[in-house]
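1. I'd like to go over a predicted model; first the sequence, then the structure.
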Amino acid sequence: MVDNGRRGVSRRTLLIAGGAGAAAVATGGVLATTRDPRPPVSHLRKRRAAGDFVIASPSRVLGRTALYDTTGAQSFAFDDAHGHLYTVQQVQDGLRLPGEPRAVRYADRLRRGDMCVSKLSLAGALLGHMYLRGFGHGISMGVEPSGAGVQLWVESRAHPETGYGRAVARVPFTDGTVLDSDSPAVRHHTPLPGTVRNHPALDLAGRRVLISHWAGKHHRYAVYGMDDFLAGRYEPLYTMRETARHKGEALQGCALHGDYIYQLTGNPYTDGSGGNPPESGGNTFASAIALGTGKTAGRRRITAAPSLPFREPEGIAVQLSPTPRLCTGFSTKTAGRRELSVYGFTE
């Protein structure tokens, strides 16, 4: 259901194909949308239309990689300008950060919304970290290149009972530092007052901001022009209720690219009695939600790296360079810590 589709978008045929490679496309593994006769929005006219990703023959973007803290990644985003990847995770158990009188339990970190950011090379080398206290859970994030560094787009003002953000903040990544959500240096954007679980993602090519949020019992999306958003003009380009997720599937991230919102859902592997055993292939799905209609334009199971231990889907993002790839992350368990793997699917 689209509540506000003020700007028409030309929607291309969406290829989100299952199976193994091109054969799946040729034999009917294609989900297609009808073409919209209206002209594309201006930021799409001068670049190749995007939004057609084939979910087959995945390429490995990041091998199993340890983050700064021992906990699992919640989401990730690319800095294509500098060739880096950033992740957010909850702060690990028993850590004492500057200004804290004692070590803090993991359960309390979750409730407070304390997050750790890791900066990685695409080869998996740890290049830096910072802590964000009181910001949120990190279901999705954005990275905006800024000079030699980046601005992180994250949820903020964590709810004191749930630990999920009620606003969105844009803060510079500063290696080795601790930043509190209530710091006067943090500007909180609240485009959707009264909503909860506000999670941002960015479409840098189109200079748009996606805000995933919950209004009552319903999960919804809103899309804004980035310049207007930063100026405090929160009139959305699109708003819609999300209907792609199936019962029992956890929301694991979202991304915005071209004419579609991409959504990752699923759960970690379980034993045979848990309903999601490894031999089932897992219940990780990527869905494409059309901006012009709010309808699910495609939904396909992600079967990449089926042998990963535990294999919990964590995060979805678009890597723009050298060619657009829709990338999904998986958290795995090792002795004493979690690791992140990322796999990509091209157009």
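-> On my side now, so go ahead.

2. What lies in contact with stretch 176-185?
-> Here stretch 176-185 makes contact (CB atoms under 8 Å, 6 or more residues apart in numbering) with 97-99, 113, 128-135, 156-158, 169, 171, 186, 188. (Each C-beta comes from the backbone N, C-alpha and C, glycine too.)

3. out of these, which are inside strands?
-> Counting by DSSP state E, those place 128, 129, 130, 131, 132, 133, 156, 157, 158, 169, 171, 188 in strands.

4. For the residue lying farthest from the centre of the chain, which three-state class applies?
-> Taking CA atoms, centre = their mean, the residue of the chain most remote from its mean C-alpha position is residue 101, at 33.5 Å. For residue 101, the assignment made with DSSP: H, G, I helix; E, B strand; the rest coil gives coil.

5. ok, back up a step: including distance to residue 85 and pLDDT, could the ones in strands among the contacts of stretch 176-185 go into CSV?
-> What follows is the ones in strands among the contacts of stretch 176-185, written out as CSV (distance: CB to CB, whole Å; pLDDT from 0 to 100):
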residue, distance to residue 85, pLDDT
128, 12, 98
129, 13, 98
130, 15, 98
131, 18, 98
132, 17, 98
133, 23, 98
156, 22, 98
157, 26, 98
158, 24, 98
169, 20, 98
171, 18, 98
188, 26, 98
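
6. closest to residue 219 among those residues?
-> Top of the list for closeness to residue 219, among the ones in strands among the contacts of stretch 176-185 and by CB to CB, is residue 158 at 18.5 Å.

7. Which residues does that closest one form beta bridges with?
-> For residue 158, the beta-bridge partners under DSSP bridges are residue 165.

8. quick one, helices of the stretch 201-347 of the chain?
-> 226-230 (DSSP state H, counting those that start in this stretch).

9. just to revisit the earlier point, how near is the residue farthest from the centre of the chain to residue 79?
-> Distance of residue 101 to residue 79, given as CB to CB, to the nearest Å: 35 Å.

10. Where does the prediction get shaky in the stretch 151-300 of the chain?
-> For the stretch 151-300 of the chain, the stretches with pLDDT under 70 are 272.

11. Show the subsequent helix or strand relative to the longest helix anywhere in the chain.
-> As assigned by DSSP state H, the longest helix anywhere in the chain is helix 106-112. The C-terminal neighbour of helix 106-112 among helices and strands, as given by DSSP states H and E, is strand 115-121.

12. Tell me the buried residues in that following strand?
-> 115, 116, 117, 118, 119, 120 (16 or more other CB atoms under 10 Å).

13. which secondary structure elements does it contact?
-> Packing partners of strand 115-121 (3 or more CB pairs under 8 Å, 6 or more residues apart in numbering; DSSP states H and E): strand 84-90, strand 126-133.

14. Tell me the buried residues in stretch 210-224?
-> 210, 211, 212, 213, 214, 219, 220, 221, 222, 223, 224.

15. How about stretch 317-329?
-> 317, 318, 319, 320, 324, 325, 326, 327, 328, 329.

16. Could you point out which of those residues is nearest to residue 346?
-> The nearest member of the buried residues of stretch 317-329 to residue 346, counting by CB to CB, is residue 325 at 5.3 Å.

17. which residues touch the residue lying closest to that closest one once chain neighbours are set aside?
-> Leaving out its chain neighbours, the residue that sits closest to residue 325 by CB to CB, 6 or more residues apart in numbering is residue 344, at 3.6 Å. Residues near residue 344 by CB under 8 Å, 6+ apart: 58, 59, 60, 61, 319, 325, 326, 327.

18. likewise residue 333?
-> Per CB under 8 Å, 6+ apart, neighbours of residue 333: 309, 310.

19. how near is it to residue 340?
-> For residue 333, the distance to residue 340 - CB to CB - is 12 Å.

20. is it true that residue 84 touches residue 118?
-> No: here residue 84 does not reach residue 118: they are 10.3 Å apart, not a contact under CB atoms under 8 Å.

21. now the contacts of residue 344 as CSV including distance to residue 237?
-> Formatted as CSV, the contacts of residue 344 follow (distance: CB to CB, whole Å):
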residue, distance to residue 237
58, 31
59, 32
60, 34
61, 29
319, 24
325, 25
326, 21
327, 24
